[in-house]
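Enquirer: one predicted model, sequence on top.
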2 protein chains.
Amino acid sequence: MSQSLRRMQYAVRGEVVLKADKLAAEGRKITYTNVGNPHAVGQQPITFYRQVLALCDLPASCGVDHPNASQLFPLDVLERARELRGIVGKGGTGSYTNSQGLAGIRKHVAEYILNRDGHSAYEGDIFLTNGASTGIEFILNGLISHDHDAIMIPIPQYPIYSALITKLGGRKIGYELDEELGWTVTEGELQRRLNEAKAKKLNVKGMALINPGNPTGQVLQRKDLEMICRFCARNGILLMADEVYQRNVYVKDRKFISAKKIAVETPGCENLELVSFHSTSKGLIGECGRRGGYMELHCIDPYVQSQIYKLASSALCSGVDGQLMTSLMVKGPAEGSDSYTLFVEEERAIFQSLQRRAKKMVDGLNRIDGITCNQAEGAMYAFPRVIIPQSAVDAAEASDQTPDTLYALSLLEETGICVVPASGFGQKKGRIGFRTTFLPPEDDLEVAIGEMARHHNFFCQKYS
Amino acid sequence: MSQSLRRMQYAVRGEVVLKADKLAAEGRKITYTNVGNPHAVGQQPITFYRQVLALCDLPASCGVDHPNASQLFPLDVLERARELRGIVGKGGTGSYTNSQGLAGIRKHVAEYILNRDGHSAYEGDIFLTNGASTGIEFILNGLISHDHDAIMIPIPQYPIYSALITKLGGRKIGYELDEELGWTVTEGELQRRLNEAKAKKLNVKGMALINPGNPTGQVLQRKDLEMICRFCARNGILLMADEVYQRNVYVKDRKFISAKKIAVETPGCENLELVSFHSTSKGLIGECGRRGGYMELHCIDPYVQSQIYKLASSALCSGVDGQLMTSLMVKGPAEGSDSYTLFVEEERAIFQSLQRRAKKMVDGLNRIDGITCNQAEGAMYAFPRVIIPQSAVDAAEASDQTPDTLYALSLLEETGICVVPASGFGQKKGRIGFRTTFLPPEDDLEVAIGEMARHHNFFCQKYS
């Protein structure tokens, strides 16, 4: 049994979630807020996407060329499906593609990046991946060779980074996001952690940046991004920019800016090695089950890129379904086409509801005495801090649990709400908290907040 | 840059294929026979599968509940789609599933295994995976911890094993399949290799068995399987049974028998740890682009299984599209239903054509003076041996290539046919050969064999 696998932790589907699954199997109603899985808690798929996908899969005679097809499908859907069928080629959706993904779809991604950033992108630098996860694993796999190879990760972070670094036998160097400063990071903190790592003779190869933040929800400003990009460039650290929530920004005074844009526009970043990740699982799409996504390699040595290609080849290719969804994500229906009005309405409804729920969840948590929570400027999560009696902390220690695992298990048992203990993401020593999505439907969210308040009182009384 | 990644080789998409892609980009017509990708070379998808898939993806109001749905879809397709939509649940195909895959689909797989083997299977032991590849990687990841952990692999083997073992930093112990004996393995050979490994202080953790064989096409008989299972059980070696070609058996005197059936029925195998792999990419389906498949864990320690679950969780879940295809693979349309006749016809046509092409390819190769090839009893490949002049061998060595890479590159340049050098799979010292699929359409295959003959003469004259 691999020791590094044994040590690997993945809290998002860890102890509390396994317990929740057990209770659900026994018939208990569970509100899952442990994972950003929008459709599972009621978000509807966007019609245009699904219609195009279906027509890509159907044999032409049963789909695009069927005499009755226009009774089920709008004309622009039929057209878009024909375009994608052309890109997929004669072998259709049942064939392996190029290891990097279909070239035509990588062109769509490159056009999207150009429109987003105002700087060109090249399809040869795009890899289509199964969600963002496989891309992240490819890059970490390329970076980590020895147990003195280290990756800087934010604390708190999304646990795919810590899990994969542990699995690959590398070292994690946490840099703390400052809760008081809205979860930003200072240059002093980055430099201090890098110095500590160097003092331990560690070789810092890469840094993960999650923007908008998961689990913390902050949207970074240009000056912070410039500082981070310069820091990485100066120190020869490859920057992994996890930007899967780029469409999920809910506050007026923040705007998503890509690390790629900063890298191109900022003096001192000319040699920054950067890989950016995006996914069809988040945004307004939420198509997690497709496992679609892409990564863009920027300023990566061609030899290293050829090694990443080899790695992608050993899994043959990402799923074609996810590749098609990636194309649809970066290229919706044309303005004025049959599907356009419905598409815009569906997107707007999803966005506005997410925006309302972000505020409702955070405001509701802050109304609970003993819970405080920063604003969720973006992403899909609130990451509150809870104050609990010392005897609860002692009880947790006595049972060899973190205090927030004790708290989350108690919340689950008392209310059926499944959150993830904040320790699964990492946090400042002494902090106790949890991560919850704000994805359940608005009425359920209201009830959940009430239940969280009731449980918090119950828990504090039990241990006071 | 990771050293083990650098060392990793994956010939199926290696040097010769990259060269072929380059020629194709320059406008050259390439016949790709490097990878078992049936749809890409003309195999048509099975209608029933695609119709059900499309209806699972379409929102109900545009699909199963659309008033005109029955004008496009047979009734049993609508029914099957409703059943699968029920299993997927309210979140639909856009949700992450359980890390192991949807429980209802794992039940279908368990029923299929019961029907196939006459022995029960349990859905809790089934993991749905992205093709067989991710399952194989999960298991190897669990087994390999140190550079003295070793896995026995057949020589020749499918290179996913060698590639992943190298990537994970483990050691490969090749056991040779005997070409003279129809690519079987003897107990003496297994024992000799195990002894050698022990003498080197290696810890042999697992063994890969590919049946029907890839690249070699043999279908193992019961007595051979019993020997192998007993050998693994006796030596505490986990057996990885790669059975993705279980439907691809073309000769009358051979029948696929699963390692699971042997493990259950054979005295001495009570404690055999076994993981079996299957895929939607092969068989008569050939739906490579779906990345669907499953693995069954048999007699695996529950703690180890929980670690495999954790690993599956870190990639969240396999693609839902592939999960649905796995259900369809193990459970086709019911006898007598609207789709049944067409389904049986489509399957039969694919099977009979594969059977004809297997024979045509091998017979054609054997007619070429200087090429010999064992019968392809199963799978999708011929693995011929070629006799070439010593001066060609010398020329290859002088240019730091294997002789069969020189041969395969020459074949590509001269004829546009892309094969994989046999050295990419491993072979006996001194043997020279290649692997070719027999998947191109029958007429193209005829032409390809003629071209292979022409090239062989050309090559031998060039170097004589």
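Expert: Okay, I see it. Residues are numbered from 1 along each chain as shown, chains lettered A, B, ... in the order given.
Enquirer: pLDDT wise, what is whichever residue of the stretch 101-250 of chain A sits closest to chain B at?
Expert: Closest approach between the stretch 101-250 of chain A and chain B, counting by C-beta to the nearest C-beta: residue A:145, at 4.1 Å. Glycine gets a C-beta too; all of them are placed from N, C-alpha and C. pLDDT, residue A:145: 87.
Enquirer: close enough to count as contact, it and residue B:7?
Expert: No. Counting by C-beta atoms under 8 Å, residue A:145 sits too far from residue B:7 to count as a contact (10.7 Å).
Enquirer: when the two are compared, which one has more neighbours?
Expert: residue A:145 (20 against 11; other C-beta atoms under 10 Å in any protein chain shown).
Enquirer: list the contacts for that one?
Expert: Contacts for residue A:145 were tallied using C-beta atoms under 8 Å, 6 or more residues apart in numbering or on different chains; they are B:1, B:2, B:3, B:4, B:5.
Enquirer: burial measure for the third one, as a count.
Expert: It refers to residue B:3. Using other C-beta under 10 Å as the criterion, the residues surrounding residue B:3 number 11.
Enquirer: skipping adjacent residues, who's closest to it in space?
Expert: In space, and not counting its chain neighbours, residue B:3 is closest to residue A:145: 5.1 Å by C-beta to C-beta, 6 or more residues apart in numbering or on different chains.
Enquirer: same check on residue A:426?
Expert: Using C-beta to C-beta, 6+ apart, the closest residue to residue A:426 is residue A:155 (4.0 Å).
Enquirer: helix, strand, or coil at the residue of the stretch 101-250 of chain A closest to chain B?
Expert: At residue A:145 the chain is in coil, as set by DSSP: H, G, I helix; E, B strand; the rest coil.
Enquirer: could you look up the SS state of residue A:174?
Expert: Classification of residue A:174 using three-state DSSP returns strand.
Enquirer: pretty sure it contacts residue A:156?
Expert: No. Residue A:174 is beyond contact range of residue A:156, at 9.1 Å (criterion: C-beta under 8 Å).
Enquirer: overlap in contacts of these two?
Expert: With C-beta under 8 Å, 6+ apart as the test, residue A:174 and residue A:156 both reach residue A:426.
Enquirer: could you check which of these two is surrounded by more residues?
Expert: More crowded of residue A:174 and residue A:156, by other C-beta under 10 Å: residue A:156, with 27 against 17.
Enquirer: retrieve the pLDDT associated with that one.
Expert: Reported pLDDT at residue A:156 in the predicted model: 95.
Enquirer: quick one, which of the contacts of residue A:145 are buried?
Expert: Buried members of the contacts of residue A:145, scored by 16 or more other C-beta atoms under 10 Å in any protein chain shown, are B:2, B:4, B:5.
Enquirer: how about a markdown table for those residues, with pLDDT and secondary structure added?
Expert: Shown next, in a markdown table, are these (pLDDT from 0 to 100; DSSP: H, G, I helix; E, B strand; the rest coil):
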| residue | pLDDT | secondary structure |
| --- | --- | --- |
| B:2 | 73 | coil |
| B:4 | 78 | helix |
| B:5 | 78 | helix |
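Enquirer: okay then, goodbye and thanks.
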